[in-house]
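>>> I'd like to go over a predicted model; first the sequence, then the structure.
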Amino acid sequence: MFSESAGLNLKAGYRYSKGSVMIKTDNVYGWTGELQGESEADYSGFYFGTGFVLAFGSADKRAVNMAIAAGAEQFPEIGKKIYADAVTLYNAGLYKQSEVKFTELNQISPGNTETKKYLDDINLKLEGNKKLENIKKLLAEGDEYRAKNKFKEAYSRYTEVNRIDAGNETALFYLKYFRETALARYGDARALNSQGKINAALKLAKEASEYSPDDAEIADFVKELKGDKNNRRKADALYNEGVLNFQKGYYDKAITAWQKVVEIYPDDAEALKNIELAKEKYRNSSAAEEQSAEQALKEARDLFEQGLMEESLAKADYVLRIDGNNAEALKLTEEIKAKQENKTTTLNKR
């Protein structure tokens, strides 16, 4: 009815945990397994009786059990059960639990080569599990940062995954996508910069740098644009200063401000045009001022002769504001001050 590889056994006992029973086996027909021990039972298809289990034997499982039993023979009696448990846990993929058992067995039989082989293999498997867990964690963080548009942080996570596992498809996909996006943003930033749109160019260049933080060329371009932005801010301030001075009639100051703009941006057409306009205004105003200064100087001399020192001094000061080196105005100012001092001295003596 049954072969030795598929014999019938009768199992009875109590459950330690789900799927695990302590069994005693009677040799009903062709059964060659152990007569007593803890066993994992597949209950699907089983017939349950009160206190009894009927099952068909598994040739593969029986072979494994026999191999475990044979391996256990190299250990003293106290280590046989530990060895069997350790190997069973190992075969089930429960490596941490198996490691505990093999470590205990190694204390009982130090230097056993098979125990060492298992422990070494378990260590590799556990390291592999840690590696996979780390990769899973890094990918989750990368996806989360990417969803929040924090591309620099996402890039670092995907790069770390690629370092751990160069063949990881998810990391490779996003690193390629990030690189292509960075180059596209960089190209657009270059085009905008050539059109003089510094702010828009800087925005795209920064985005490119976020997608590809390790790209030195993009990073240098961002620094360049930041410098240009600062220069543009300074140049705009100087330009506006020139406009204000021009409106007030201070043409020489307006010229000075716009010349500083040209030092920063030699091709600034508006600043260059304004300089020429201010120069023309300055020449015309200088001629008018010169004529006005001559008239004011004549009036200052007449007032001096009349003894009106304060009025004379005001006219002389006006001339000096137009021409600070006017020799006649300077001389007249000294004469007026001397007169005023003498007059003050006389009053003080009285």
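Good, I have the coordinates.

>>> from A184, how far out is the residue nearest to D188 when sequence neighbours are not counted?
Counting by CB to CB, 6 or more residues apart in numbering, L204 is the residue found nearest to D188 once chain neighbours are left out, at 5.1 Å. The way it works is simple: take the backbone N, C-alpha and C, and place the C-beta from them, glycine included. Taking CB to CB, to the nearest Å as the measure, L204 and A184 are separated by 9 Å.

>>> these two: which has the busier surroundings?
Legend: neighbour count by other CB atoms under 10 Å for L204 and A184, higher for L204 (22 against 14).

>>> isn't the more buried one up against L192?
Yes - using CB atoms under 8 Å, L204 is in contact with L192, at 6.7 Å.

>>> distance between the strand or helix carrying N129 and the chain's centre?
Assigned by DSSP states H and E, N129 belongs to helix 113-147. Its chain's C-alpha centre and that of helix 113-147 lie 26 Å apart, by CA atoms, centre = their mean, to the nearest Å.

>>> neighbours of D143, how many?
As a measure of burial, D143 has 15 neighbours, counting by other CB under 10 Å.

>>> on that earlier part again, residues contacting the residue nearest to D188?
Going by CB atoms under 8 Å, 6 or more residues apart in numbering, L204 touches R185, Y186, D188, A189, L192.

>>> could you do Y211 as well?
F151, Y155, F178, R179, T181, A182, R185.

>>> give the next helix or strand downstream of the strand or helix carrying the second one.
Here Y155 sits within helix 151-164, counting by DSSP H and E. With elements assigned by DSSP H and E, the helix or strand that comes after helix 151-164 is helix 169-194.

>>> pLDDT of that following helix, averaged?
For helix 169-194, mean pLDDT is 94.

>>> again with stretch 118-129
78.

>>> return the set of buried residues in that stretch.
Y118, L119, I122, K125 (16 or more other CB atoms under 10 Å).

>>> closest one of these to I198?
K125 (56.7 Å; CB to CB).

>>> run through the residues that contact the nearest residue to the closest one once chain neighbours are set aside.
Counting by CB to CB, 6+ apart, Y95 is the residue found nearest to K125 once chain neighbours are left out, at 5.0 Å. Taking CB under 8 Å, 6+ apart, we find Y95 in contact with L89, I122, K125, L126, N129.

>>> in CSV, list the residues you listed along with distance to E104.
Formatted as CSV, the contacts of Y95 follow (distance: CB to CB, whole Å):
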residue, distance to E104
L89, 12
I122, 13
K125, 19
L126, 17
N129, 21
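
>>> closest to M309 among these?
The nearest one, if we look at the contacts of Y95 relative to M309 and count by CB to CB, is N129, at 103.4 Å.

>>> what's near enough to touch that closest one?
By CB under 8 Å, 6+ apart, the contact set of N129 is Y95.

>>> spatially central residue for this structure, please.
In the chain, the C-alpha closest to the average C-alpha coordinate belongs to K152, at a distance of 3.8 Å (CA atoms, centre = their mean).

>>> excluding chain neighbours, what is closest to that one?
E210 (4.8 Å).

>>> that neighbour - how many residues pack around it?
So E210, with other CB under 10 Å, has 20 neighbours.

>>> for it, give me its contacts.
F151, K152, Y155.

>>> so after whatever helix or strand K273 lives in, what's the next helix or strand?
Assigned by DSSP H and E, K273 falls within helix 269-305. Later in the chain than helix 269-305, the nearest helix or strand by DSSP H and E is helix 309-322.

>>> coming back round to it: what's the closest of the contacts of E210 to E263?
K152 (36.5 Å).

>>> lowest-confidence helix or strand of the chain?
strand 47-49 (a mean of 38; mean pLDDT, DSSP states H and E).

>>> before we move on, the earlier item: measure how far the helix holding K273 is from the centre of its chain, please.
With CA atoms, centre = their mean, you get 60 Å for helix 269-305.
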